[in-house]
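> What would the 3D arrangement of this be:
(one chain, ligands or ions: 1)
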Amino acid sequence: MEFKNKVFSGDCREILRDIPENSISACITDPPYNYEFIGHKWDANEVKRRLAKVKDSKTLVKNIPYGSGLAGGVRNARWYQRNRENIMDYQKWCAEWGAEVYRVCKPGAVIAVFNSTRTMAHVQVALEDAGFYARDTLVYRRHSGIPKGDNLASALKQKGISDYQNEEGWHSCLRNEWEAIVVLQKPLEENYINTYLKYGVSYFYTRNTDGSFQSNIIENIQKNEEDKQQVHCTVKPLALMEKLIEMFTPKSDEHIVLDPFAGSGTTLVAAKKLGRSYLGIEIVPEYIEIINKRLSKLKRETRELSPLSDQSYIQQPSQLSML
Ligand SMILES: C[S@@+](CC[C@H](N)C(=O)[O-])C[C@H]1O[C@@H](n2cnc3c(N)ncnc32)[C@H](O)[C@@H]1O
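Presented below is the predicted three-dimensional model:
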C-alpha cells in the first residue's frame, strides 16, 4: 500500500492495519475529545448523527459536535455512573487506535495527542496500555477560555434568595485557558543515540528562534486568516501544528508525520509546508475535500513563491482514496 503523502477516508483503526510497522516518525493528532459517548459506537454514522443534531444550533455546542460536557441533568448516582462508563469507553477506544499507531511508529517516535484537561489522563493511560512510554504533558495556552458552568450568585437569585450579591465571584468551574498535549514515545532501542542512528528519531528539537530552550508550555500562537476561514469545527492554528512538527519530526521528507484524526488537515498542511511527508486519515468524507483543497492551495503557493524551487519540497498532490 502506497501511503506516503496520502489522505485516506475511513476509520483509522482499520486503515492503519494496512500501514507497515516502524514506518512513521511522529504521530501528532487531535482526536475527538470524549464526553458523551454513552451507548454509541464511535463510527462514521455516529459522527454524522452528532453533526446533524447540532447543525442549526445557536449554542456553544455547535462548535463541539462530539458532546460538550455541557450536558445537564440531575447529578445523581446514575449520572456519575454514566459519566464513568463514558470515560472508560473512551479510554478503551483510545487504546484501540493507540495500538495501531504504536505498531506503525518507529522506535523512538513521539505521539503527541491533544485532549481536554479533564480527560487527558485517560488518553495517556490508554496509550501506555498500547505500549508507549509517557514523556511529558505540554500546555497549549490559548487565552480564550470562556467560563462555563454555574454562577452561584445567579443560581441564588433564581431561587429568590435576596442577599445573593454576597456570593458574587463563586462559580462551579475555573476559566479553561489551556489544552493538554500528552506526549509519549515508542520505547527506544537501548538508548537515545542508538535509536537515532538506526531510525533517525528519538530527540526533540529544542532551540527557539530567540535562542532560548523550548519549555513544555506553548503560548503566543496566533490564528492566521486561513485558520479562521476553515469550515471544520475544531481547527487548530497552523502555527501550533508547525511548532509541534518542528519539535518532534526531523527535517526531511523521508520522515512521515501521521495524523489519524485529520479533520480539516491542519497537521498535514503543516508537515508539507515544513518539508516533511504526511499520512492523514479522516472518517468524514466531506472533510477529505477540505483537506485536499488546503494541500493543493499550499502546493500552488509554494510554486508561486519559488518557481525554480527544490522539487523535493513540492510533493505530489494527495490522492483521495475512498475506502
Ligand atoms: C478534533 S477533529 C480534528 C481537527 C483538526 N485538528 C483540524 O485542525 O482540523 C477530530 C476529527 O477526527 C475525526 N474522526 C473521529 N473518529 C475517527 C476515526 N475513528 N478515524 C478517523 N477519523 C476520525 C472526526 O471526524 C474529526 O474530523
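
> I28 should be in a strand, yeah?
Yes - secondary structure of I28 (DSSP: H, G, I helix; E, B strand; the rest coil): part of a strand.

> mind exporting the helix or strand where S296 lies as CSV, just the C-alpha atoms?
Using DSSP states H and E, S296 sits within helix 285-305. In CSV, the C-alpha atoms belonging to helix 285-305 read as follows (Å, rounded to 0.1, in the frame of the first residue of the first chain):
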residue,chain,number,x,y,z
PRO,A,285,-15.7,12.0,3.6
GLU,A,286,-16.7,15.7,3.4
TYR,A,287,-13.6,16.7,5.4
ILE,A,288,-11.4,15.0,2.9
GLU,A,289,-12.4,17.5,0.3
ILE,A,290,-11.4,20.3,2.6
ILE,A,291,-8.0,18.7,3.3
ASN,A,292,-7.3,18.2,-0.4
LYS,A,293,-8.2,21.8,-1.2
ARG,A,294,-5.8,23.0,1.6
LEU,A,295,-3.0,20.8,0.4
SER,A,296,-3.5,21.9,-3.2
LYS,A,297,-3.6,25.6,-2.3
LEU,A,298,-0.3,25.2,-0.4
LYS,A,299,1.3,23.5,-3.4
ARG,A,300,0.2,26.4,-5.6
GLU,A,301,1.5,29.0,-3.2
THR,A,302,4.9,27.1,-2.9
ARG,A,303,5.2,27.1,-6.7
GLU,A,304,4.3,30.8,-7.0
LEU,A,305,6.8,31.8,-4.3
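
> Is any residue of that helix near the ligand?
Yes - Helix 285-305 reaches the ligand (C-beta under 6 Å from any ligand atom) through Y287. Heads up, the C-betas are built off the backbone N, CA and C, glycines and all.

> What are the buried residues along that helix?
Y287, I288, I290, I291, N292, R294, L295, L298, K299, T302 (16 or more other C-beta atoms under 10 Å).
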